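>>> Give me a 3D structure for the following:
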Amino acid sequence: MRKSMDGWFTIEEIDHATFAISEYQHWEEAHSYVLLGSRQALLIDTGLGISNIKKVVDDITQLPILVATTHVHWDHIGGHKYFSDIAVHHLEKDWLFHFPLPLSAVKKELLKEPCLFPEGFDIDQYEIYKGKPALLLNDQDMIDIGNRKIKVIHTPGHSPGHCCFYDIDRKYLFTGDLVYEGELDAYYPTTNPIQFKESIHKIRKTEVKKILPSHHTLHVSHQLIDDIWKAFKELEEKGNLKQGKGIYEYGNFSIHL
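Model prediction:
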């Protein structure tokens, strides 16, 4: 484990060809991931956009970079501005031009809790990424980066075009905001609690050796997927799987409806 030059990012080796880039100093504790192939590297999400993630990626590899977006939320596309080849699910392509939250709301979230930002960061200069994607993703698409294939799994609920990415040979599942230890959000207008539950059920069928989430604890138990599934089932059976019901606590995670 090591720090970036400005101290903002933490870089951790998952294996010799897979790296996590984390922003632990911010309350979101966002994770992005670099996957190395023989021909290309895949960068899953680009974090908050507070510091230049491309400098970190360039220290890891000189391969051409394709950015795969789990979903088009501000804390996952912040560093997209540093890259030219961006892939998003087709249902969220328009969000790259018309983000569903105003900039003022995003800045408020960014500053929600005290944080020691890196030198040179200016909140007044912060912008939400806008741009045209180079590639539109669909469920079951394969991204081949050379001797390494990544399957796209469309998992709506947290957002309409949310995707998980499955490394077929390693059986790594990059879960975005679908599965992590913390508060799972399904309470705002662009979320759908029923779809969220169905997406959890969908990935339960996938053989997973390692869950790699987008927030908070990097190393989580395989059991977490089943635990979340049971929680959603329980909420549905009690008639509570609908927006406006509040926050339900389940130990190492909660569900915000």
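
>>> Give me the contact list for stretch 245-257.
180-187, 193, 224, 227-228, 231-232, 235, 240-244 (CB atoms under 8 Å, 6 or more residues apart in numbering). All C-beta spots, glycine's among them, are computed from the backbone N, C-alpha and C.

>>> for the chain, what's the longest helix?
Looking across the chain with DSSP state H, the single longest helix is helix 223-237.

>>> Quick check: buried residues in that one?
For helix 223-237, burial by neighbour count (16 or more other CB atoms under 10 Å) applies to 224-225, 227-229, 231-232, 235.

>>> now these as TSV including pLDDT and distance to T206?
As requested, the buried residues of helix 223-237 are exported to TSV (pLDDT from 0 to 100; distance: CB to CB, whole Å):
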residue	pLDDT	distance to T206
L224	96	13
I225	97	9
D227	97	16
I228	97	14
W229	96	12
A231	96	19
F232	97	17
L235	96	23
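
>>> Low-confidence bits of the stretch 151-257 of the chain, can you list those?
Nowhere does the stretch 151-257 of the chain drop to pLDDT under 70.

>>> give me that answer again for 90
For the stretch 151-257 of the chain, applying pLDDT under 90 flags the ranges 188, 205, 219, 222.

>>> Could you do the stretch 1-150 of the chain as well?
1, 3-7, 99-101, 119-120.

>>> and G37, how many neighbours?
G37: 20 surrounding residues under other CB atoms under 10 Å.

>>> packing partners for the longest helix of the chain?
Using 3 or more CB pairs under 8 Å, 6 or more residues apart in numbering; DSSP states H and E, the elements in contact with helix 223-237 are helix 193-204, strand 254-256.

>>> which one among the buried residues of helix 223-237 gets closest to P64?
P64 has its nearest neighbour among the buried residues of helix 223-237 in I225, at 32.5 Å by CB to CB.

>>> Figure out which of the helices and strands packed on helix 223-237 is closest to V220.
helix 193-204 (13.5 Å).

>>> Let me know the angle separating the closest one from helix 223-237.
With axes from the mean of the first three to the mean of the last three CA atoms, to 10 degrees defining the directions, helix 193-204 sits at 150 degrees from helix 223-237.

>>> Show me which positions of helix 193-204 end up buried.
By neighbour count with 16+ other CB under 10 Å, helix 193-204 contains the buried residues 193, 195-197, 199-200, 202-203.

>>> ok, those residues vs L36, which is closest?
Of all the buried residues of helix 193-204, L36 sits closest to I203, with 23.9 Å by CB to CB.

>>> give me every residue that touches the closest one.
Listed by CB under 8 Å, 6+ apart, the contact set of I203 reads 153, 155, 164, 173, 175, 178-179, 225.

>>> Can you tell me how far it is from K197?
Per CB to CB, to the nearest Å, I203 is found 12 Å from K197.

>>> which stretches of the protein form helices?
Counting by DSSP H, the chain has helices at residues 53-60, 74-77, 103-110, 193-204, 223-237.

>>> Show me what the closest residue to D167 other than its chain neighbours bridges to in the sheet.
Counting by CB to CB, 6 or more residues apart in numbering, I150 is the residue found nearest to D167 once chain neighbours are left out, at 5.7 Å. As for beta bridges, I150 partners with I143, D167 under DSSP bridges.

>>> May I ask you to confirm that I150 is in contact with L35?
Yes: between I150 and L35 there is a contact under CB atoms under 8 Å: 6.8 Å.

>>> hmm, who's touching stretch 132-148?
With CB under 8 Å, 6+ apart, stretch 132-148 has contacts from 17, 35-42, 66, 68, 84-90, 93, 96, 149-154, 161, 163, 165, 167, 169.
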